[in-house]
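Trainee: build me a structure from this.
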Amino acid sequence: MISFFRRLRNKLLSQNKFYKYLLYAIGEIVLVVIGILIALQINNWNEEQKNISLEKELLEGIHNDLARDTLQINNRFFRSYIDLLQSKKRYDSVVNLDDNKIKIKFLDSLFQRCIRQRNTFFPITGTYKTIINSGLSGIIRDKVLFKRIQELYDRRYEILIASGARIDALSSDIRYKHAHVNTLTDIERLRAYKGSELRTEIDHWFSRMEDFSGNMSDTKYALKKVLIQIEEEIKKMEKD
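Mentor: Modelled structure (predicted):
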């Protein structure tokens, strides 16, 4: 094909048909430009398809991570809420009833079941960290969605992690300071539980647990909204 056009160009020049040659040259340039534009458009289309495929992969990854976080939060939120109610009831029985009406097993369960449990939240952040560390945030075209994903990871998760860590630190401190309680006689243990120092610390622990449960509930609600938005965005991409 190239040799054909070269022969045609040489023939026009040899026949001194400059005007026709000029038209031919212009036409050839136009064809080359059109070819380049088509190639660029095809390349841009291919690049766009790659970006869309990567975007879908990243959104699916975040969705999977958040779904696993939801399971962790559901299990932990339910358990911590039930434990909070049960332990509060037991503790109220300690400080409000006469000594001879209190069962030691209720007192022990306050430490064993509640004070000893760990409340630190460990979210799955693999996909989100990949997006941030690799500078891929621009791949997500729905900026409102990505902003909500960021808000979930960078604010709500951090609040929940800090809230749980504070409870764990307080629980550890209570266990360490009052470890001797388990070595006391029943009557001495009752008096220790009803003492002002331990009572103040346990009241503080309940307050922290209430904050933690509230943060857990707020995070759970935000998680649900983001998961729904991601699902809608993925469905939209699959239709396109």
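
Trainee: where does the chain have low pLDDT?
Mentor: 1-32, 39-40, 42-47, 78, 80-81, 83, 85-87, 89-117, 179-196 (pLDDT under 70).

Trainee: quick one, helices of it?
Mentor: 2-14, 18-96, 104-109, 126-133, 143-151, 157-177, 186-194, 196-239 (DSSP state H).

Trainee: next, the angle from the last one to helix 143-151.
Mentor: Angular relation of helix 196-239 and helix 143-151 on a 0 to 180 degree scale: 150 degrees, by axes from the mean of the first three to the mean of the last three CA atoms, to 10 degrees.

Trainee: elements contacting helix 196-239?
Mentor: Where contact means 3 or more CB pairs under 8 Å, 6 or more residues apart in numbering; DSSP states H and E, helix 196-239 is packed against helix 18-96, helix 143-151, helix 157-177. C-beta: built from backbone N, CA, C; applies to glycine.

Trainee: phi and psi next, for residue 120.
Mentor: Backbone geometry at residue 120, expressed as degrees, to the nearest 10, gives phi -70, psi 130.

Trainee: which residues does the residue nearest to it when sequence neighbours are not counted contact?
Mentor: Once flanking residues are discounted, residue 120 sits nearest to residue 164: 4.3 Å by CB to CB, 6 or more residues apart in numbering. Contact analysis of residue 164 by CB atoms under 8 Å, 6 or more residues apart in numbering lists 118, 119, 120, 121, 212.

Trainee: do I have it right that the fourth one meets residue 76?
Mentor: Translated: residue 121. Yes. Using CB atoms under 8 Å, residue 121 is in contact with residue 76, at 7.2 Å.

Trainee: which residues do these two both contact?
Mentor: Joint contacts of residue 121 and residue 76 (CB under 8 Å, 6+ apart) are residue 216.

Trainee: neighbours around residue 162, how many?
Mentor: 14 (other CB atoms under 10 Å).

Trainee: mind listing what residue 64 touches?
Mentor: Counting by CB under 8 Å, 6+ apart, residue 64 touches residue 127.

Trainee: if I look at it, how far off is residue 136?
Mentor: 17 Å (CB to CB, to the nearest Å).

Trainee: roughly how far apart are residue 63 and residue 128?
Mentor: 11 Å.

Trainee: and those two? Which one has more around it.
Mentor: residue 128 (22 against 18).

Trainee: sorry, back to before: which one of the contacts of residue 164 is nearest residue 54?
Mentor: Nearest to residue 54 among the contacts of residue 164: residue 121, at 29.0 Å, using CB to CB.

Trainee: tell me, how many residues neighbour residue 143?
Mentor: 10.

Trainee: equivalent analysis for residue 215, please.
Mentor: As a measure of burial, residue 215 has 20 neighbours, counting by other CB under 10 Å.

Trainee: quick one: it and residue 161 touch, right?
Mentor: No. With contacts defined as CB under 8 Å, residue 215 does not count as touching residue 161, sitting 9.6 Å away.

Trainee: buried ones in stretch 122-135, by neighbour count?
Mentor: For stretch 122-135, a neighbour-count test (16 or more other CB atoms under 10 Å) marks 123, 124, 127, 128, 131 as buried.
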